[in-house]
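In: Curious how this folds, go ahead:
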Amino acid sequence: MTRQRYVSDELTHFIGRGLLAKVPDQSEREDRIYDLLLRILRGGRLQAKPEVLIAEGSSWQDAREGAADARHVSWDRSRDLSEMFEPTVVCFCDIPLQDLGIHMSKYSRFGIAFTREFLLAHGANPVLYLAYDAVDADGAANKESFSEGAQVTFNHVNELMTAGTTEEWELGLKLTSFLAVRLFPLIKPFHGSLADEDPENYYMEREWRIYGSLNFALENVRRVYLPERFAKTFRDDLPEYFGQVTFAH
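Out: Numbers count the residues shown, from 1 in each chain. The predicted model follows:
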């Protein structure tokens, strides 16, 4: 079957981006990322950010036992949309192997790939990219209109939960779960005018997200990306891995 090259049947999570600025020496940085890669593969878990409850308003705090989804996002409605939500997710990119160069330059040369089928079975979903610098017919930019719309929406939901009947409170809780966990955290703002190589041009990532952490068995890993200098060490350190290994350049 003929496939478009701009999509992949593998989705990849790259690790170690936080060390790019913290460890300027490339060799030392790659050694540390390699150790992290081994810990993840041996542990069988991609850990999302620490789970936190939705923490705006006492009514939301009271709902913690009845809303498991609330553990997967924190939010601050006073901020704009790009900073309003901090969802507990693991992120993957949908980029074919041949075109990963730009992405790896922004993150690292160490990655773990799974089949799309495997990740779909664990709740993976692509994000919706929102061009902040797009302007509608009335001259309003997405940055302002979407942020304002989100703030107004959640203000009304909060009023429903704090001042309404039990039925209204339950409805507000359902709306909160859907909007704050299932919908808005899947919106990824970016600036459409940025160059492809710009670290903040998120559109190039073709991102997918999974709520919460991902547990996996080693046989679920389709491919591992790492620099070639770790080839022998990796095979010695993890002889039980029989998936593909791709050298990142």
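In: For this protein, which residues score under the pLDDT cut-off?
Out: 1-4, 50-75, 77 (pLDDT under 70).
In: Which residue would you name as the spatial centre of it?
Out: Cys91 (3.0 Å; C-alpha atoms, centre = their mean).
In: Can you classify that residue by secondary structure?
Out: The three-state label given to Cys91 by DSSP: H, G, I helix; E, B strand; the rest coil is strand.
In: Strands of the chain, start to end?
Out: Ranges of strands in the chain, per DSSP state E, are 10-14, 45-46, 73-75, 85-87, 89-93, 111-115, 125-126, 128-131, 187-190, 207-211, 214-215, 223-226, 244-247.
In: Off-centre distance for the fifth one?
Out: Going back to what we said before, that points to strand 89-93. Remark: strand 89-93 is offset 4 Å from the chain centroid, using C-alpha atoms, centre = their mean, to the nearest Å.
In: Tell me the gap between the longest helix seen in the chain and the middle of its chain.
Out: Longest helix in the chain, counting residues (DSSP state H): helix 142-163. Put simply, helix 142-163 sits 23 Å off its chain's centre (C-alpha atoms, centre = their mean).
In: now swap in stretch 238-249 and tell me
Out: Distance, stretch centre to chain centre, for stretch 238-249: 24 Å (C-alpha atoms, centre = their mean).
In: which parts of it are buried?
Out: For stretch 238-249, a neighbour-count test (16 or more other C-beta atoms under 10 Å) marks Leu238, Tyr241, Ala248 as buried. Where C-beta positions appear, they are placed from N, C-alpha and C, glycine not excepted.
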